[in-house]
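Chemist: sequence below, structure please.
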Amino acid sequence: MTEAVVTAPAQVVPKRQRSWTLGMALAVGWLALVVVVSILAPVLPFIDDPTSPSRPLAQNAGPSWDHWFGTDDLARDVFARVIHGGRLPLAISSITITIGIVLGGLLGLVAGFFRGWVDQVVGAAMSILLSFPALILVLFIVTVRGQSFWNVTLALCVISVPAIARIVRAQTIRYAEREFVTAARAMGARSPRLIFSEVLPNVVPAMVSFAFLALGLVIIAEGGLSLIGKSVPAPSITWGGIISAGKGELRDAPHVVLFPALMIFVTVLALNHLGDQLLRRLDVREAKL
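Modeler: Now for the predicted structure:
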């Protein structure tokens, strides 16, 4: 008798999982490219000086082999300006969200864990900050303190801390009464250990997921400030600043505005996709916010 050979069916990857993997790969790849190129912009050989006019002089020239994104009204290479223009928005957004996660996360953990009067005091303070229109509050801080990198970052931190604190508080409440926390408390663990050893590791996934979404919002906010002339002043280069400088030539040279706007759009889209997929993947609930 001949022995039958049974071949196991090939494992089929669900279409939804393939699309999730592809989308995540594209988002991560784009963000990595933007970060690396922005950091290395001053030393990359194929990027011109963003402040020097082109030679021969070519004002508002369209995209070409010599100038991939064209030139602006001062004959400066738009591609070089767009690459350099990502440095400040990325730095401001990264510092803002880092501070927001540290301060807002700590406040949210304390409020959600202890509840009672601590929760009421922290909640009232966060509600007061969130009750102000964000744009007006940021403009007030920048106007009073002056336009600089750190003042813009400070202003954006003021509106990011309470938002992150409320999100972390909601997640902390979700885990503070779980059985593993109750068991650790019964074994004599003190509150600091319960917060940082038991609750925090379970809240971190939500913090990371929301951080990507918040990064996109801060990039948009900084771009809006630059557009109305209230962000880091020239000669510093930002995506919003390039758009602001080129809006007067929108009819004759739309490429000056188009390419930095596309950079903001694609970067924020990648951050939103990454944050949204992490929220779904990690099953982060948004209730009780």
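Chemist: just checking, Val256 touches Trp239?
Modeler: No. Using Cβ atoms under 8 Å, Val256 is not in contact with Trp239, being 11.8 Å away. Every residue, glycine included, has its C-beta placed from N, CA and C.
Chemist: list the buried residues in stretch 91-111.
Modeler: By neighbour count with 16 or more other Cβ atoms under 10 Å, stretch 91-111 contains the buried residues 91-97, 99-101, 103-111.
Chemist: please apply the same query to stretch 119-139.
Modeler: 119, 122-123, 126, 129, 134, 137-138.
Chemist: pLDDT and distance to Ala214 for the residues you listed - can I get that in CSV?
Modeler: Converted to CSV, the buried residues of stretch 119-139 look like this (pLDDT from 0 to 100; distance: Cβ to Cβ, whole Å):
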residue, pLDDT, distance to Ala214
Asp119, 87, 22
Val122, 91, 19
Gly123, 89, 20
Met126, 91, 15
Leu129, 89, 15
Ala134, 87, 12
Leu137, 90, 16
Val138, 91, 15
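Chemist: so what's the residue nearest the centre of the chain up against?
Modeler: Nearest to the mean C-alpha position of the chain, by Cα atoms, centre = their mean, lies Leu215 at 1.2 Å. Taking Cβ atoms under 8 Å, 6 or more residues apart in numbering, we find Leu215 in contact with 93-94, 97, 271.
Chemist: from those residues, which land in strands?
Modeler: The strands, defined by DSSP state E, take in nothing from the contacts of Leu215.
Chemist: widest-spaced pair of the residues you listed?
Modeler: Spatial extent of the contacts of Leu215 (Cβ to Cβ) is set by the pair Ser94 and Leu271 at 11.4 Å.
Chemist: what's the distance between Leu250 and Leu215?
Modeler: 28 Å (Cβ to Cβ, to the nearest Å).
Chemist: so, low pLDDT: which residues of the stretch 1-150 of the chain?
Modeler: Of all residues in the stretch 1-150 of the chain, those with pLDDT under 70 make up the ranges 1-20, 55-56, 60.
Chemist: buried ones in the helix or strand where Ile264 lies, by neighbour count?
Modeler: Taking DSSP states H and E as the definition, one finds Ile264 inside helix 255-281. Residues of helix 255-281 classed as buried: 255-261, 263-264, 267-268, 270-275, 277-279 (neighbour count, 16+ other Cβ under 10 Å).
Chemist: and Thr169, how many neighbours does it have?
Modeler: Just to correct that, residue 169 is Arg rather than Thr. The tally of other residues near Arg169 (other Cβ atoms under 10 Å) stands at 27.
Chemist: ranges for the helices of the chain?
Modeler: Assigned by DSSP state H, the chain shows helices spanning 15-40, 78-85, 87-99, 105-114, 116-131, 134-145, 149-176, 179-186, 191-193, 200-227, 239-246, 255-281.
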